[in-house]
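In: Can you look at this prediction? I've put the sequence above it.
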Amino acid sequence: EAGVAQSPRYKIIEKRQSVAFWCNPISGHATLYWYQQILGQGPKLLIQFQNNGVVDDSQLPKDRFSAERLKGVDSTLKIQPAKLEDSAVYLCASSLLGTSARNEQFFGPGTRLTVL
Amino acid sequence: AQSVTQLGSHVSVSEGALVLLRCNYSSSVPPYLFWYVQYPNQGLQLLLKYTSAATLVKGINGFEAEFKKSETSFHLTKPSAHMSDAAEYFCAVRGRGSNYKLTFGKGTLLTVNP
């Protein structure tokens, strides 16, 4: 079974530039998550989709971050414009539909963003 | 609100020694608790989870954790460390019902010395 795919793996940009990350979840997983992991901290949920609808985006800085999952499969996360404090690893995860704890979240390898 | 606190950002053990990584949680309802492992430049992998069945939970790679409600703890242990266990470990909590967001601790980096 293929895992969660993310690209690019690494990205270096200057502040005020724009950047986009892509995620393809495991086939059949209706729920998709984007996490931000700053160095030395645990992952923080930015946004959660169920199919193509947003379930939780309470911690997404909406003035600069946006995310979409138009067809309920793959997703993109965009930052525009980037700030120095956005330097982090952006992790995508997916799980089966539903709130059961048996629905394990599977994580992709992440995209490491460096903002100079 | 729910949260987890991992005691010790860095733990160093000798190969063959006991591994103990500490996690305390705060939750207004009985929680689901998880331990994840992250190897360098990789995503997170689930080690084990507590979902209110047995309080002693066995996971992959010889790890286990015990849920202690009276101590609000969910410490991770392994009887004998192996070099391949060197990684960062994250404890996470999830609420029940509609509150199913995972909240992670800051992580504990485990170093295994030969």
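Out: Sure, I can see it. Numbering: from 1, shown residues only, chains lettered A, B, ... in the order given.
In: Angles on the backbone of B:Ser70, please.
Out: Torsion angles at B:Ser70 (phi, psi; degrees, to the nearest 10) stand at phi -60, psi -30.
In: who's in contact with it?
Out: Shown in contact with B:Ser70 (CB atoms under 8 Å, 6 or more residues apart in numbering or on different chains): no residues. Using the backbone N, CA and C atoms, a C-beta is placed for each residue, glycine as well.
In: Model confidence score at it, please.
Out: Note on B:Ser70: pLDDT of 91.
In: One more: B:Thr5?
Out: 95.
In: Just to check, it is in contact with B:Gly107?
Out: No: look at B:Thr5 against B:Gly107 with CB atoms under 8 Å: they stay out of range, at 11.4 Å.
In: For these two, indicate the residue with more neighbours.
Out: Neighbours were counted for B:Thr5 and for B:Gly107 using other CB atoms under 10 Å in any protein chain shown; B:Gly107 has more, 22 against 14.
In: can you pull the contacts of that one?
Out: A:40-42, B:6, B:9, B:38, B:88-90.
In: mind listing what the helix or strand bottoming out on mean pLDDT in chain B pairs with, with the direction of each?
Out: In chain B, the helix or strand scored least confidently by mean pLDDT, DSSP states H and E is strand B:102-104, which has a mean of 90. Applying DSSP bridges to the sheet, strand B:102-104 is found paired with strand B:87-94 (antiparallel).
In: Let me see the mean pLDDT of the partner strand.
Out: Here the average pLDDT along strand B:87-94 is 94.
In: ok, and what's touching that strand?
Out: A:42-43, A:101, B:2-4, B:6, B:21, B:23, B:25-27, B:31-40, B:44, B:47, B:74, B:76, B:100-105, B:107-110.
In: Which SSE is immediately downstream of the least confident helix or strand of chain B?
Out: Using DSSP states H and E, the helix or strand that follows strand B:102-104 in sequence is strand B:108-113.
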